[in-house]
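Peer 1: the sequence and its predicted three-dimensional model are supplied below.
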Amino acid sequence: MIMRTELYPEIDPVLSGFLDTGDGHSLYWEVSGNVRGLPVVFVHGGPGAGAKPVHRRFFDPETYCIVVFDQRGAGRSKPLGSTAGNTTQNLVADMERLREHLRIDRWVVFGGSWGSTLGLAYAQAHADRVVGLILRGIFLCRPSEIQWFLYGMREVFPENWRAFAGFLPEDERGDLLAHYHRRLVDPDPAVHMPAARSWSTYEGSCSTLLPSPAVVQGFADDVTALGLARIEAHYFINDSFLRPNQLIEDVERIRHIPAVIVQGRYDMVCPIRSADDLHQAWPEAVYQIVPDAGHNAFEPGVRAALVAACEKFKKLSA
């Protein structure tokens with residue numbers, strides 16, 4: 001039998017709504033596909049990037065009950081860009097609140113980039129509610145990974161880094177995070193929006209193996225840029241609200257869960273060292289390195305590996 005590797009056709013949600021967190025946030029959620037099928041939750045990246053309609057297309061709509069949602073401050077959730085109460089622990093609690101709201105017993109968790117971070121944190125907190133994990137572009141929120149994003153990527157993308165760092169006055173470039181963060185949380189759009197576009201387009205321009213103007217343009221969209229840049233800087237400056245090396249140390253809690261890790265060999269946003277470290281701690285997980293890909297989920301080899309993993313997981317039972 002030949003395993004499918006192409007995205008499924010576009011579909012519309014059959015249910016959607018907003019979930020009140022009780023502390024000032026309202027989370028957008030939607031369900032598409034087979035409402036009585038195997039539940040899968042798509043955990044978007046960033047943090048703060050938001051989900052898109054194309055994210056429904058990794059999953060067979062006849063098999064999966066496809067849950068997509070926007071995390072606090074991201075995408076269609078309200079208020080956009082809000083960092084109030086925006087912590088990893090609260091995002092984990094939000095996922096559990098959404099699962100209960102939708103009356104789902106257990107689900108597959110699918111997440112890439114920051115979505116892999118949150119997916120791991122959720123699974124380690126609620127292992128009894130996770131039937132499988134599909135993770136891509138592993139990010140473990142360690143200081144070395146944040147330093148790489150802020151300064152290391154200039155080794156490979158010097159022109160993109162110059163634009164990113166050059167947005168700030170020269171005397172502020174020794175601490176990019178602090179000075180970007182100060183602008184990004186400023187309430188004046190004339191201050192925070194230019195900083196958000198600079199941060200977000202920097203990430204987008206380093207996300208693919210080959211240049212992709214379409215990807216960069218998507219990152220420059222105002223909603224994506226503000227949610228991504230402000231919330232990402234907020235998490236980075238707070239060590240992502242995780243204890244050091246937490247996601248590696250707590251692998252024991254999820255060792256029994258079927259899992260697939262997909263990693264682009266030339267991922268510059270979330271370098272392969274993190275995926276390798278995770279797999280060394282968790283050899284039971286299937287580990288697939290895509291030899292000709294960067295960070296983006298829609299590069300051909302990464303997309304194919306993710307769809308194939310979703311096909312493989314069809315046999316799981318919630």
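Peer 2: Nice, thanks for sending it over. Residues are numbered from 1 along each chain as shown.
Peer 1: only C-alpha atoms for contact and neighbour calcs from this point on.
Peer 2: Noted.
Peer 1: now do the residue positioned nearest the centre of the chain against residue 183, distance only.
Peer 2: Against the mean C-alpha coordinate of the chain, by Cα atoms, centre = their mean, the closest residue is residue 45 at 1.8 Å. Between residue 45 and residue 183 the distance, using Cα to Cα, to the nearest Å, works out to 22 Å.
Peer 1: can you pull out the low-pLDDT segments for the protein?
Peer 2: In the predicted model of the chain, residues 1 satisfy pLDDT under 70.
Peer 1: residue 225 against residue 196, yeah?
Peer 2: Yes - between residue 225 and residue 196 there is a contact at 5.3 Å, judged by Cα atoms under 8 Å.
Peer 1: what packs against the helix or strand hosting residue 29?
Peer 2: If you go by DSSP states H and E, residue 29 is part of strand 26-33. Packed against strand 26-33 by the contact rule (3 or more Cα pairs under 8 Å, 6 or more residues apart in numbering; DSSP states H and E) you find strand 15-20, strand 64-69.
Peer 1: what residues does it touch?
Peer 2: With contacts defined as Cα atoms under 8 Å, 6 or more residues apart in numbering, strand 26-33 is touched by 11-21, 56, 60-72, 76-79.
Peer 1: now do the same for the residue nearest to the centre of the chain: helix, strand or coil?
Peer 2: coil (DSSP: H, G, I helix; E, B strand; the rest coil).
Peer 1: now, of the helices and strands packed on strand 26-33, which is deepest in the fold?
Peer 2: Burial among the helices and strands packed on strand 26-33, expressed as mean neighbours by mean count of other Cα atoms under 10 Å, is greatest for strand 64-69, which shows a mean of 25.
Peer 1: skip ahead from that one and say which helix or strand is next.
Peer 2: Next along the chain from strand 64-69, counting by DSSP H and E, comes helix 88-101.
Peer 1: buried ones in that next one?
Peer 2: 88, 89, 91, 92, 93, 94, 95, 96, 98, 99 (16 or more other Cα atoms under 10 Å).
Peer 1: for residue 122, see how far away the fourth one is.
Peer 2: It refers to residue 92. 5 Å.
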